[in-house]
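Chemist: just a sequence and a predicted model for now, questions to come.
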Amino acid sequence: MELLEVFKQEQWDAVEITIGRHNVLAFDIETPREAVKCLVWFSGEGRLFQTSASNSYSEVIAERLLDCFNAIDLSQLQPGKITVADARFQPASEFEVLAIAPPEIALFDHLPEDLRARMHLVVPAYRSEFQDGMSARDFRHQMGRKDGWRVHVYRWNRLEKTAASWE
């Protein structure tokens with residue numbers, strides 16, 4: 001069975017949509033506090049990729065993200081390491097890179113093991129937020145920092161931090 005079909009069995013409300021020239025699965029997570037749009041796609045070598053936007057989804061940014069993702073040489077992905085690749089988001093956004101986090105970031109524990117081990121997170125980012133080759137643990141640390149330098153990877157409308165802030 002195709003990997004996306006296996007994913008759809010777990011995320012039964014995911015539907016196939018087209019964004020620009022890209023076919024992806026899309027689903028929404030709605031809570032009283034936020035609306036999260038999630039996109040999932042398959043990209044050879046038995047890998048799944050997901051990107052999500054919380055209260056900030058933009059189809060223009062999603063299309064740029066997918067365009068830039070398709071230009072990346074996926075052979076550079078390393079187990080347990082973050083891959084940071086140049087990306088051109090302008091004029092849609094000021095983001096400068098894509099950060100691709102490996103399954104070891106453990107954000108998909110709700111999925112069965114066979115999917116969890118193949119699921120990568122893809123986020124638009126600024127150069128200052130993540131470093132190529134950083135560990136999955138360091139990536140999680142950036143997302144959970146309490147010192148004002150936290151990176152809210154699911155906010156596609158965030159600005160680059162130049163000073164500590166607690167938004």
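Modeler: Alright, I've got the coordinates.
Chemist: can you give me the neighbour number for residue 134?
Modeler: By other Cβ atoms under 10 Å, 17 other residues sit near residue 134. (Each C-beta comes from the backbone N, C-alpha and C, glycine too.)
Chemist: residues touching the residue lying closest to it once chain neighbours are set aside, list them.
Modeler: Spatial nearest neighbour of residue 134, chain neighbours left out: residue 82 (4.7 Å); criterion: Cβ to Cβ, 6 or more residues apart in numbering. Going by Cβ atoms under 8 Å, 6 or more residues apart in numbering, residue 82 touches 99-102, 130-136, 138-139.
Chemist: identify the bridge partners of the residue most central in space within the chain.
Modeler: In the chain, the C-alpha nearest the mean C-alpha coordinate belongs to residue 122, at 2.6 Å (Cα atoms, centre = their mean). Residue 122 has these beta-bridge partners by DSSP bridges: residue 100.
Chemist: thought residue 153 was touching residue 140?
Modeler: No - look at residue 153 against residue 140 with Cβ atoms under 8 Å: they stay out of range, at 10.6 Å.
Chemist: more crowded one of the two?
Modeler: When residue 153 and residue 140 are compared for neighbours, residue 153 comes out ahead with 24 against 15, by other Cβ under 10 Å.
Chemist: the closest residue to the more buried one other than its chain neighbours: how many residues sit nearby?
Modeler: Closest residue in space to residue 153, ignoring its immediate chain neighbours: residue 123 at 4.2 Å, by Cβ to Cβ, 6+ apart. Look at residue 123: counted by other Cβ under 10 Å, it has 26 neighbours.
Chemist: surely residue 40 is within a strand?
Modeler: Yes - the assignment for residue 40 by DSSP: H, G, I helix; E, B strand; the rest coil puts it in a strand.
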